[in-house]
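J.: Fold the following.
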Amino acid sequence: MQPDSTNPTDPTLPTPSPKNDRERVRPIEYALVAIVAGVVGVMAVPELDVPKTDMVGMAQVTQLQYQMGNYRDVIESYRADHKVYPGYAYGQRGAWLHGSISGTDFRRQMLFGSTEWGRTSPTDPGSYPFGPYLETGMIKNPVNGLDTVWLLADDQDFPAEPTGTTGWIYRPATGEIIANCEGVSVLTGVQYFDL
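T.: Alright, predicted model coming up:
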C-alpha cells in the first residue's frame, strides 16, 4: 500500500520538527540589526557644516531691495503718466521735453499731485490729477537712514563707489536709482551699491 501524502498522521511520512529556540529570530536580534544599520548609515553620511544665518544682514538686504523696488515702481508710474522720468523742472502744456534737473522738483513730483507736464501743487488735487506717488514721504534707505536723493545730470555717470552722503543716487535721464550706501548682501555677496 502506498503512503497517503495527504494524511498528516501517516507514520511513514517524515514529521516536521518544531523550530527550536536556536532557529527562531528573536525581537532583540531585530533591534540589534536596526541599531547597527543606523550607526553605519550615520557614518556613511558626510558631515555638513551649515553656516549660521545672519538674520540682521538678511533683514537689511530684504528691506533695501523692497525700498528700491518701491522707488523704481513709482518712478515708472510717474513716467507712464508724464512721458518723462521725474526730476526735471516742469515743462509747458503738451511739451514732453521738460526743463533742467531739479532736486526740489523731484521731491515735489513724488509727494504732491501734478499735471501731465509736471507742474505740482500740494493743495489742489482736482487740477493736479496725477500722484502723489509717495503718499507717506520720501523713501528712506534702511541701511544709512537717509531719504535724500542725489540727482545725476543727463551726461553724468554713476560714481564708482558709494559716498553715503544721500540715501539714493538717481539719474532722471534713464530712471535708474541705486542705494548710496556700503554693505554686502549676505544672500548673494553683491554690494548694496550694485543691487
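
J.: Touching, V84 and G99? I think so.
T.: No. In this structure, V84 sits apart from G99 without contact. The criterion is Cβ atoms under 8 Å, and the distance is 10.4 Å. Backbone N, C-alpha and C define where each C-beta goes, glycine included.

J.: which of those two has more neighbours?
T.: For V84 and G99, the more surrounded residue by other Cβ atoms under 10 Å is V84, and the numbers stand at 20 against 13.

J.: Strands along the protein, start to end?
T.: In chain order, the chain shows strands spanning 113-114, 120-121, 149-151, 168-171, 176-179, with DSSP state E as the criterion.

J.: one step back: can you check which residues contact both of V84 and G99?
T.: Taking Cβ atoms under 8 Å, 6 or more residues apart in numbering as the contact criterion, the residues that touch both V84 and G99 are G91.

J.: quick revisit: so which of the strands of the chain comes closest to E135?
T.: Taking Cβ to Cβ as the measure, the strands of the chain were each checked against E135, and strand 113-114 came out nearest at 10.6 Å.

J.: per-residue confidence averaged over that closest one?
T.: Confidence over strand 113-114, taken as the mean pLDDT, stands at 92.

J.: go on, stretch 161-179?
T.: Per-region confidence: stretch 161-179 scores 95 on mean pLDDT.

J.: Run through the residues that contact the residue nearest to Y133 when sequence neighbours are not counted.
T.: Using Cβ to Cβ, 6 or more residues apart in numbering and skipping the chain neighbours, the partner closest in space to Y133 is V74 (4.1 Å). By Cβ under 8 Å, 6+ apart, the contact set of V74 is 110, 133-134.

J.: same thing with E182?
T.: E182 makes contact with 143, 162, 164, 191-193, according to Cβ under 8 Å, 6+ apart.

J.: Give me the buried subset of the residues you listed.
T.: 143, 162, 192-193 (16 or more other Cβ atoms under 10 Å).
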